[in-house]
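Chemist: Model the following, please.
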Amino acid sequence: MAELWDPRMTLLSEDALVARVLGHIDAGTTDLAEAVYEVPVDHYASGERLEAELERVFRRTATPFCPSAALPEAGSYVARTVAGRPLVATRGQDGVARVFMNACRHRGMQVAEGAGCKKVLTCRYHAWTYGLDGSLRGVPDEYGFPGLDKREYGLVPVKAIERHGLVFVIQDGEAELDPALGQMAGLIGGKTRVLDQTIVEMEANWKLICEGFLEGYHIRSTHTETFYPRQYDNVNVIEDFGRGNRVTFPYQAVEKQRAFPPGQRRAGGGMTSVWHIFPNVVISTFPKTRKITIVEPLAPDRSRLETFIVTDAPETPEDNRLVDISRDFVAAGAEEDRMVVSAVQKGLATGANAVLTFGLFEGALTRLHKEIDAAIRGEPQRPSGPQAS
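Modeler: Purely as a prediction, here's the structure:
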């Protein structure tokens with residue numbers, strides 16, 4: 001019988017993770033949830049439900065805004081819309097990453113678009129100018145605003161925390177980082193650089209997209225041209241990680257670890273782990289790269305995927321070649337997922353299903369929905385994982 005997934009577990013060491021994977025391969029098993037779970041289809045189609053998710057989950061949770069590597073130097077900035085609100089992150093002259101509402105204090109025009117590097121942020125409507133610390137620096141023809149106190153008209157700050165190679169934001173409330181995130185130490189290295197940043201819109205609910213990252217039951221049937229047969233079909237290790245999970249997908253190459261005694265086994269190129277940072281971010285590990293995918297809801301049936309691919313590999317011709325191979329391989333697999341997920345959204349619109357049923361292989365999906373429901377109800381997060389900072 002397959003091994004039941006215990007949601008109380010903390011993350012396995014690399015050696016123990018390899019041992020668990022090899023045990024599943026030998027036994028023809030995988031991690032199983034405790035029960036089948038059903039989710040109302042309305043949760044993928046209701047505007048009221050989406051508003052509750054945005055207001056009570058997204059804006060009140062510490063969520064990754066961008067990798068630290070996207071702000072590599074003083075003057076670097078990244079502008080994104082997060083949970084329906086335009087925000088801009090900057091790297092100040094003091095090296096601190098800050099996040100602000102991306103709205104000029106004069107008439108509300110956004111002061112930055114995309115990403116780049118500037119000494120100041122200037123509104124292109126009337127050229128009001130702001131420093132990297134958000135302070136209002138300049139107002140053309142300032143005499144037209146008698147009594148204006150520049151100290152009261154800086155960009156509106158958003159709570160930001162930079163840690164574990166990521167810049168997190170908390171839009172509403174006083175949420176802090178989940179201590180379980182300390183288990184990410186070393187996942188995104190200090191010398192990381194951004195290789196690629198892409199934005200893709202999809203006709204699918206944000207949860208459908210996240211679900212595709214969190215189970216391997218679909219590997220054989222969906223990824224015939226990419227991950228299968230390199231990976232095993234329906235063989236996963238699912239571990240509790242804050243309000244999310246770490247789901248590990250083994251490759252055939254993990255068999256090489258049998259040559260090493262317990263205590264000396266390493267993941268290497270033998271597996272991909274997907275770290276789900278609740279609610280809408282996944283970090284996928286590959287031998288030369290890390291893929292950070294942020295799934296932003298736009299409507300009940302439409303989402304934006306903002307993806308950063310980062311690496312800490314040296315910039316040598318051979319390393320660059322291997323990085324390109326990895327990036328192209330992952331992109332091809334992602335395209336297969338996008339085609340399927342968009343088709344699922346269309347299928348849900350037919351009304352054929354009143355609920356979606358998650359089987360025992362899909363425990364990480366069950367947990368996603370349970371945690372969303374708990375956050376909407378305002379329930380505190382239960383303790384999870386080592387209390388590392």
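Chemist: can you pull out the strands in the stretch 251-389 of the chain?
Modeler: In the stretch 251-389 of the chain, the segments counted as strands under DSSP state E, counting those that start in this stretch are 271-277, 281-285, 290-299, 302-311, 355-358.
Chemist: Just the buried positions in the third one, please.
Modeler: Read it as strand 290-299. Of all the residues in strand 290-299, those buried under the rule 16 or more other Cβ atoms under 10 Å are 290-297. All C-beta spots, glycine's among them, are computed from the backbone N, C-alpha and C.
Chemist: show me the contacts for Leu17.
Modeler: Shown in contact with Leu17 (Cβ atoms under 8 Å, 6 or more residues apart in numbering): 237, 248, 267, 271.
Chemist: Pick out whichever of the buried residues of strand 290-299 sits closest to Ala374.
Modeler: Ranked by distance to Ala374 (Cβ to Cβ), these are led by Pro297 at 18.5 Å.
Chemist: which residue packs closest to Gly114, ignoring adjacent ones?
Modeler: Distance criterion Cβ to Cβ, 6 or more residues apart in numbering; nearest residue to Gly114, sequence neighbours excluded, is Ala79 at 6.1 Å.
Chemist: Switch the strands of the stretch 251-389 of the chain over to TSV; also include distance to Thr226 and mean pLDDT.
Modeler: Below are these laid out as TSV (distance: least, Cβ to Cβ, whole Å; pLDDT from 0 to 100):
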stretch	distance to Thr226	mean pLDDT
strand 271-277	12	95
strand 281-285	13	95
strand 290-299	14	96
strand 302-311	16	95
strand 355-358	24	97
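Chemist: Burial-wise, tell me which of those strands comes out on top.
Modeler: Highest mean neighbour count among those (mean count of other Cβ atoms under 10 Å): strand 271-277, with a mean of 23.
Chemist: counting contacts, what elements does that strand pack onto?
Modeler: Packed against strand 271-277 by the contact rule (3 or more Cβ pairs under 8 Å, 6 or more residues apart in numbering; DSSP states H and E) you find helix 14-27, helix 206-213, strand 244-250, strand 281-285.
Chemist: Quick one: closest of these to Gln257.
Modeler: Nearest to Gln257 among the helices and strands packed on strand 271-277 is helix 14-27 (5.1 Å), distances taken as Cβ to Cβ.
Chemist: Check Val200 and give its pLDDT.
Modeler: Here the pLDDT value assigned to Val200 is 94.
Chemist: Kindly report the same for Leu322.
Modeler: 78.
Chemist: so how far is Arg321 from the closest residue to it other than its chain neighbours?
Modeler: For Leu322, ignoring the flanking residues on the chain, the nearest one in space by Cβ to Cβ, 6+ apart is Lys288 at 5.2 Å. Per Cβ to Cβ, to the nearest Å, Lys288 is found 10 Å from Arg321.
Chemist: More neighbours: which of the two?
Modeler: Neighbour count, other Cβ atoms under 10 Å: between Lys288 and Arg321, Lys288 has more, with 19 against 11.
Chemist: List the residues that contact the residue nearest to the spatial centre of the chain.
Modeler: Among the residues of the chain, Val281 comes closest to the average C-alpha position under Cα atoms, centre = their mean, at 1.8 Å. By Cβ under 8 Å, 6+ apart, the residues touching Val281 are 63-64, 292-295.
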